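Asker: Here's a sequence, model it:
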Amino acid sequence: MFSEAYLDTLLEAEEVKTDIQRMAASSGEQIELTLLRTQTWIMPHTTDNLNELPLQYNGFCGYMIVNRDGLLLPGNPFIGVLKHKERFYAFSSKEAALTFASCPDDFVTEVAEKSKCFPELFQLLKLHQQLSCEHPFSE
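Answerer: Take a look at the predicted model:
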């Protein structure tokens, strides 16, 4: 769909990895809980059903959606899963997790705003569930 030259400008000389390669590389990057004591983190060694958690954004990294213009990069729950306001968030890297966790409400708002620019994200990220819980219809 896009020319190779255009894709090269988007990648900015980044190494393209498969999801399996990226997950394996980031699995050793667990969150150090002493860094953010104000947030609740679910770690791989503390739960048996980490892969069964209902992750927000259909498991994609909210940080990357906001900071890379809608880029859909799967989160790696083995880095650590942030629990914020009864919702669970996975991230593509430790840096993404720490930055998102420093101001999660701002990122949640930005993801919703980004979905206004890319309507297909609304369904893919399952934002309709988030909005219906936050703004229930009442008569």
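
Asker: quick one: the lengthiest helix in the chain to chain centroid distance?
Answerer: When the chain is parsed with DSSP state H, its longest helix is helix 104-117. Here the centre of helix 104-117 is set off from its chain's centre by 12 Å, with Cα atoms, centre = their mean, to the nearest Å.

Asker: What helices and strands are in contact with it?
Answerer: helix 62-67, helix 119-124, helix 127-134 (3 or more Cβ pairs under 8 Å, 6 or more residues apart in numbering; DSSP states H and E). In short, each C-beta sits where N, CA and C put it, glycine included.

Asker: Can you tell me which of those is nearest to residue 95?
Answerer: Closest approach to residue 95 among the helices and strands packed on helix 104-117 is made by helix 62-67 (8.2 Å; Cβ to Cβ).

Asker: List the buried residues for the helix or strand following the closest one?
Answerer: Counting by DSSP states H and E, the element after helix 62-67 in chain order, helix or strand, is strand 81-84. Under the neighbour-count criterion of 16 or more other Cβ atoms under 10 Å, strand 81-84 has 81-82, 84 buried.
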